[in-house]
Structure formats: C-alpha cells, structure tokens
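Visitor: no FASTA, just this:
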C-alpha cells in the first residue's frame, strides 16, 4: 500500500516531475501518477454510480505530455474513457463540464507558477474543484488501488476546448457592451509568460477589435525563458509594465501559467495588482449593487477596507488560500448576505456570477467591459480607484523555521505569545478583526500602521506583512517584532532588521 498524501498541496496534487535539480528528487513518478489518476477515476465512479468520461488537459510545462499520457493510462485502467483537450487553462477545464462537452469530470495538469521541474494534478467535477478532504480521499484510494501490469494505454479522443471557452468570453463582452468590436481603438498588451494564457490575445482581444501590438511571451514554453509566469513576481510585473509604456498601450494584462490568476497594468504603466486589483473589481461590482460583501484574504490593507466601505460595501477578511475565501463567500450567500466576489491578493479571483471559479481570464474580461464603458463616457478606468488610500510603505518578510522542528506547533505558540504581549503593550494592540494568525495595530509613534503574523499554509515559514502610513514606519514595526521574536531560537528573526 503506497502513501501519496505527501503529494497533497491544499486542494491540488503537486510534486517534482523532472529530474536534475539538486536536492529536488522526482516525486511525481510514473507509478504515482498512474495510481492517482486511477484513484480519481474510482472516486468519480463511486460518486456518479457509472464509469466516467474524464477530460485531461495541461498547461505549457515540459512534463505535460508525459503526465497526460500517464493520467490517461490510470483512468483507462479502471474502465474510464478519456478526452484529451491538449493545451488548456485551468478554468477552461471546469467550464467544459458546464458545457455539452461529454465529460463527467476533468483533470488539469499544472503546478501554477512553480519552477519548470514541478507539476501536479487538479481535479474537477461539475460541482467545482475538489475540496481538500476529497483530494485526501482520492489519494487514499490511489494508495490502495492495484493496477494491472499494463495499466491500460494512453488512449482517448483528442478534442480541444480552449477556443470554445474563449468564444464565451468574447460573447460576454459583446453582450455587456452591445457592440461587436467594443475594444476598437484600444491597444492592449498581453504577457503570458510562456504559459497557457497566450490564447487571450488572439482568441479574445483581436475579435473584440483590440490592437495587441507589443504583446509578449505568448508562445507556450515550459522552460519559462523570459520570466516566471506569476503576477506576484516583481520581474514579471516589471516586464509587462515596461511593455505597456514602450508600446503606449491603454491597458496591460499578465497571467500565471494556467490562467487562474491575473494582474493588470494601467495606461501609465502602473501595476494593478494586490489591493489595487481588488479595489478595481470591487468598485465595478459595488456600482452594480450596494451592500455587497467583498471577501478577501487576510493581508489586505486598511485602506482597502475604507475604500469598500465608502462605496457601500462590507469588507470581510478571511484566511489565506483561494478555497478558503471562496467558501467564506459561499457561506455568506447561504446566509442571505450577498457576496459577489472572493479574491486573494495573489490574483486569485472568483465571482459568484461565474460559478465561483477562480478564473484570471474572466476577471480581466470583466475589467475590459468596464474599460470599454468608461471610454465611451470619456473617462479613464483608473478613475474608479483614484481615491484608494495606499500605504506609504509595505513589506513582507518570511521567517524560516529551523530544520526538523515541529513548526506548526511552535508557530502556533509564538502567535499566542504575541497576542498575550499585545494585551499589555502601549505600542501595539490587537486589531478588532483577527481571522488568521495575529493582526496588530501600531500607534503613530511606533510605526503608524499594522502587521500580520501568520503561518504559511504548507511550508515551515512564518510570513509577516507590515504596512505603514508614514515613511520609515515599517522599519519601526519590524524592529518591534524583532524584539518579540528574537528569543525563539528556532526562528531566523534577524531577517526583520
């Protein structure tokens, strides 16, 4: 009996698929992928009460074809049928299940923005992506399953879906704007980072009339030779910002490898990500319905809260992890509290109107509808967030734990110690809203801002986010935290200085 639970990463399976990187041995072995795919087929069969047809797609990673073939072999070993969709985005692999495509479930082979040697599997059924507990069930079944020696063949029908998915986005824009080519006269630059997002330039923007001159890194290349396909990566954002300025574009778009996340750039080359991206889509949604609950992760700024409340909305901070914010938004809706958006500062955004699917291309499409409407009124899209209060300084520091320690238990103890310290401190206090880790407010003389100390979801790391309304304030905040944390030998607190 094999144990595959070590490959679980939240609601995905992740591991190393390519050998050659020192200290990073292959964990997504042939037998592991075969067994996990077989386990998923068994799980779906039990859920549906019939032998399923499962669609298999992938992003641009070097190991994609190998893992696709292995996944198909695992599925067919259990009697399942396979439809290969080829190069795909993660959102498209869910959307095909809402269409008359003929699949009962799907597997997307991706590891998002991780390095080239990594890969993974993400599972969907018609109700949505599998939850954490369901992925555990699949892996447990995989560990018990006995595959035939041949484990089936990599057979299946080949039927791409990405063009159909893109056509749906085009139709949405045309319907919302009442025009066939509402982006005519607009220059929009796309940076796909050599991931799967290059389709957006040719299949969405051009049919809508946009001039896409200056778009870059559209060709799929799993070596990621230009920059990491990641809207949170500084080099990646700098690349698309420079492309916008160089080509005098009206708007810029950047996707991660599998297109479930996105960032944007204004006509001035100013990046629209993190709090700005959340503010922009929130402003659009709150114009449509006041009183809406906007659910974000825990590291959003106080200025964003003010921005949302000023527009008649309610800001609900919640735990990091895109599934966490999505499920919280769903919970609020079930309680009768309208929540149209669940979004992380990473660029994961899920809208109620779109099955609560975290879909970077859909998010950008929503922004382009607003861009078109603003242009017709002689306005700039960025006027929507011109009053967003932004901190003078912001920084994230990631403290590592010593090797081999029980970091989850030790980290939890540190956070509790900080909470107790806040009860008696005259320099900082507990924030009224603490949904993850510990959030502290610092007085004007002691940093003039806030800090969030939390545990990473999966790694032996304690991330600390700090923001200040004053120049030099973040350094004061981090210095105060260093004083608190330097006594813990298992933490590298010197990073705070």
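Guide: In hand now; what should we look at? Because the structure is predicted, anything quoted here is derived from the model rather than measured.

Visitor: sketch out the low-pLDDT regions of the protein for me.
Guide: When residues are selected by pLDDT under 70, those of the chain lie in 1, 147-153.

Visitor: show me the domain layout of it.
Guide: According to automatic domain parsing, the chain comprises the domains 5-160, 161-271+360-388, 274-358, 393-496.

Visitor: any chance of those domains in TSV, plus mean neighbour count?
Guide: Any C-beta I mention is one placed from the backbone N, CA and C, and that applies to glycine too. Shown next, in TSV, are the domains of the chain (neighbours: other CB atoms under 10 Å):
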stretch	mean neighbour count
domain 5-160	20
domain 161-271+360-388	20
domain 274-358	20
domain 393-496	17
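
Visitor: now do the helices in this protein.
Guide: Shown for the chain, the helices assigned by DSSP state H span residues 30-48, 64-76, 90-95, 132-144, 162-177, 199, 234-246, 275-288, 302-310, 322-334, 360-376, 407-424, 473-485.

Visitor: of those helices, which is nearest residue 188?
Guide: Nearest to residue 188, of all the helices of the chain, is helix 360-376, at 7.6 Å by CB to CB.

Visitor: how about residues contacting that closest one?
Guide: 89, 91, 166, 169, 172-173, 176-177, 179, 182-183, 185-186, 188, 197, 200, 204, 208, 250-251, 253, 255-256, 259-262, 264, 280-281, 284, 347, 349, 351, 354, 380-381, 383-384 (CB atoms under 8 Å, 6 or more residues apart in numbering).

Visitor: same check, this time on stretch 272-291
Guide: Stretch 272-291 is contacted from outside by 231-232, 237, 263-266, 292, 294, 296, 300-301, 303-304, 307-308, 311-314, 338, 340-341, 343, 345, 347, 349, 351, 363, 366-367, 370, 381-382, 384-385, 388, 390, using CB under 8 Å, 6+ apart.

Visitor: gap between residue 444 and residue 166?
Guide: Using CB to CB, to the nearest Å, one obtains 51 Å as the distance from residue 444 to residue 166.

Visitor: typo on my end, it should be residue 70
Guide: Distance of residue 70 to residue 166, given as CB to CB: 28 Å.

Visitor: on that earlier part again, in TSV: the helices of the chain, plus distance to residue 221.
Guide: Formatted as TSV, these follow (distance: least, CB to CB, whole Å):
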stretch	distance to residue 221
helix 30-48	22
helix 64-76	12
helix 90-95	18
helix 132-144	29
helix 162-177	17
helix 199	15
helix 234-246	15
helix 275-288	26
helix 302-310	35
helix 322-334	26
helix 360-376	19
helix 407-424	36
helix 473-485	37
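
Visitor: select, out of these, the one closest to residue 120.
Guide: Judged by CB to CB, the one of those that comes nearest to residue 120 is helix 64-76, at 8.7 Å.

Visitor: how distant is that closest one from the center of its chain?
Guide: Between the centre of helix 64-76 and the centre of its chain there are 25 Å (CA atoms, centre = their mean, to the nearest Å).

Visitor: now stretch 331-341
Guide: Per CA atoms, centre = their mean, the centroid offset for stretch 331-341 relative to its chain is 21 Å.

Visitor: what's that stretch in contact with?
Guide: With CB under 8 Å, 6+ apart as the test, stretch 331-341 has contacts from 281-282, 285, 288-289, 291-295, 314, 316, 329-330, 349-353.

Visitor: could you redo the last one with a cut-off of 6 Å?
Guide: 285, 292, 293, 294, 295, 329, 351, 352 (CB atoms under 6 Å, 6 or more residues apart in numbering).

Visitor: looking at those residues, which two lie furthest apart in space?
Guide: The distance between the two most remote of the contacts of stretch 331-341 (CB to CB) is 13.0 Å, for 293 and 351.

Visitor: ok, the most centrally placed residue in the chain - contacts?
Guide: Most central in the chain under CA atoms, centre = their mean is residue 348, positioned 3.5 Å from the mean C-alpha point. With contacts defined as CB under 6 Å, 6+ apart, the neighbours of residue 348 are 261, 322, 358.

Visitor: so how far is residue 360 from the first one?
Guide: In other words, residue 261. Residue 261 sits 5 Å away from residue 360, going by CB to CB.

Visitor: cool, and the second one?
Guide: Shown here: residue 322 relative to residue 360, a distance of 11 Å by CB to CB.

Visitor: then residue 135?
Guide: In this structure, residue 135 and residue 360 are separated by 22 Å, where distance is defined by CB to CB.

Visitor: try residue 39
Guide: Taking CB to CB as the measure, residue 39 falls 29 Å from residue 360.

Visitor: then residue 91?
Guide: 7 Å.

Visitor: got any residues that touch both of those two?
Guide: Contact criterion CB under 6 Å, 6+ apart; residues bridging residue 91 and residue 360 by contacting each: residue 260.

Visitor: rewinding a little: could the contacts of stretch 331-341 go into JSON lines alongside distance to residue 95?
Guide: Converted to JSON lines, the contacts of stretch 331-341 look like this (distance: CB to CB, whole Å):
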{"residue": "285", "distance to residue 95": "21"}
{"residue": "292", "distance to residue 95": "24"}
{"residue": "293", "distance to residue 95": "25"}
{"residue": "294", "distance to residue 95": "24"}
{"residue": "295", "distance to residue 95": "22"}
{"residue": "329", "distance to residue 95": "19"}
{"residue": "351", "distance to residue 95": "13"}
{"residue": "352", "distance to residue 95": "16"}
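
Visitor: closest one of those residues to residue 436?
Guide: Distance to residue 436, by CB to CB, is smallest for residue 295 among those, at 12.9 Å.

Visitor: partners of that closest one in the sheet?
Guide: Residue 295 has these beta-bridge partners by DSSP bridges: residue 316, residue 342.

Visitor: hang on, the earlier thing: take the contacts of helix 360-376 and keep only those in strands.
Guide: Cross-referencing the contacts of helix 360-376 with the strands (criterion: DSSP state E) gives 188, 251, 253, 255, 262, 264, 349, 351 as the overlap.

Visitor: widest-spaced pair of those?
Guide: 188 and 351 (20.8 Å).

Visitor: which one is residue 311 nearest to, not counting chain neighbours?
Guide: Spatial nearest neighbour of residue 311, chain neighbours left out: residue 286 (4.3 Å); criterion: CB to CB, 6 or more residues apart in numbering.

Visitor: just to revisit the earlier point, gap between the closest residue to the residue nearest to the centre of the chain other than its chain neighbours and residue 156?
Guide: Spatial nearest neighbour of residue 348, excluding adjacent residues (CB to CB, 6+ apart): residue 322 at 3.9 Å. As defined by CB to CB, residue 322 lies at a distance of 29 Å from residue 156.

Visitor: residue 183 now?
Guide: Distance from residue 183 to residue 156, counting by CB to CB: 37 Å.
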